Every structure is written in C-alpha cells, then in structure tokens.
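Participant: What follows is a predicted protein model with its sequence.
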Amino acid sequence: MITDGDFRPTPLTPILHHFVCKLCKLVVLDGRQCANINCCVLFCSACVGEQIRKGKWSCPQCRERSVPVDMHRRVKDFLEIL
C-alpha cells in the first residue's frame with residue numbers, strides 16, 4: 001500500500017524553467033527550439049518570428065544564428081500535460 005510518506009517533494013523550478021520562452025519569459029506557446037542540438041532551449045513561434053522580422057535572430061543562450069526548429073514530439077506532449 002502506498003502512503004503519503006512514500007512521496008518526496010521534488011522542486012519543479014528547474015523543470016518548469018525549461019518550458020519558459022527565453023525571449024518573452026512566458027510559458028512556451030506553439031514552441032520552437034534552438035537548432036543547436038547541444039542547446040535546445042525553447043521559444044514561442046511568435047517571438048522567433050518577431051526577432052527574424054527585425055533581422056536580429058540569435059539564440060540568447062548559445063548565440064546560434066540558425067532558425068529554430070519544431071519542438072520534438074515528446075516535448076510537445078509534455079508541454080500539453082503542463
């Protein structure tokens with residue numbers, strides 16, 4: 001039998017931080033991810049589009065200049081759960 005004592009609190013801050021757009025600082029909506037496979041931070045599609053229209057796109061974390069790609073399917077699934 002499972003009791004309340006079997007569960008340990010887990011800080012969600014590092015997990016939730018991953019799902020925040022690094023441009024607008026809100027939870028990612030219709031997300032894209034950095035094209036750099038070693039970075040993969042997330043952005044809202046609208047935020048990326050706005051930066052590209054202004055001609056100043058680069059990932060704020062790794063400075064990758066390639067246009068962000070669609071989020072991985074599993075990331076999208078997890079975001080929907082949140």
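Facilitator: Structure received.
Participant: ok, and the closest non-adjacent residue to residue 72?
Facilitator: Spatial nearest neighbour of residue 72, excluding adjacent residues (CB to CB, 6 or more residues apart in numbering): residue 33 at 7.3 Å. The way it works is simple: take the backbone N, C-alpha and C, and place the C-beta from them, glycine included.
Participant: which phi and psi does that neighbour have?
Facilitator: phi -130, psi 150 (degrees, to the nearest 10).
Participant: That one against residue 73, yeah?
Facilitator: No - Residue 33 lies out of contact with residue 73 (CB atoms under 8 Å); the separation is 11.7 Å.
Participant: Can you pick out the residue with more neighbours from these two?
Facilitator: Neighbours per residue, other CB atoms under 10 Å: of residue 33 and residue 73, the larger number sits with residue 33, 20 against 8.
Participant: Can you give me the distance of the more buried one to residue 79?
Facilitator: Distance, residue 33 to residue 79, by CB to CB, to the nearest Å: 11 Å.
Participant: For these two, list the residues in contact with both.
Facilitator: residue 71 (CB atoms under 8 Å, 6 or more residues apart in numbering).
Participant: list the helices and strands the host helix or strand of residue 76 packs on?
Facilitator: If you go by DSSP states H and E, residue 76 is part of helix 73-81. The elements that helix 73-81 packs onto, with contact taken as 3 or more CB pairs under 8 Å, 6 or more residues apart in numbering; DSSP states H and E, are strand 31-33.
Participant: which residues are in contact with the strand it packs on?
Facilitator: With contact meaning CB under 8 Å, 6+ apart, strand 31-33 is reached by 21, 40-45, 48, 68-72, 75-76, 79.
Participant: Repeat that for stretch 66-82.
Facilitator: With CB under 8 Å, 6+ apart as the test, stretch 66-82 has contacts from 16, 19, 27-28, 31-36, 42-43, 48, 52, 57, 59.
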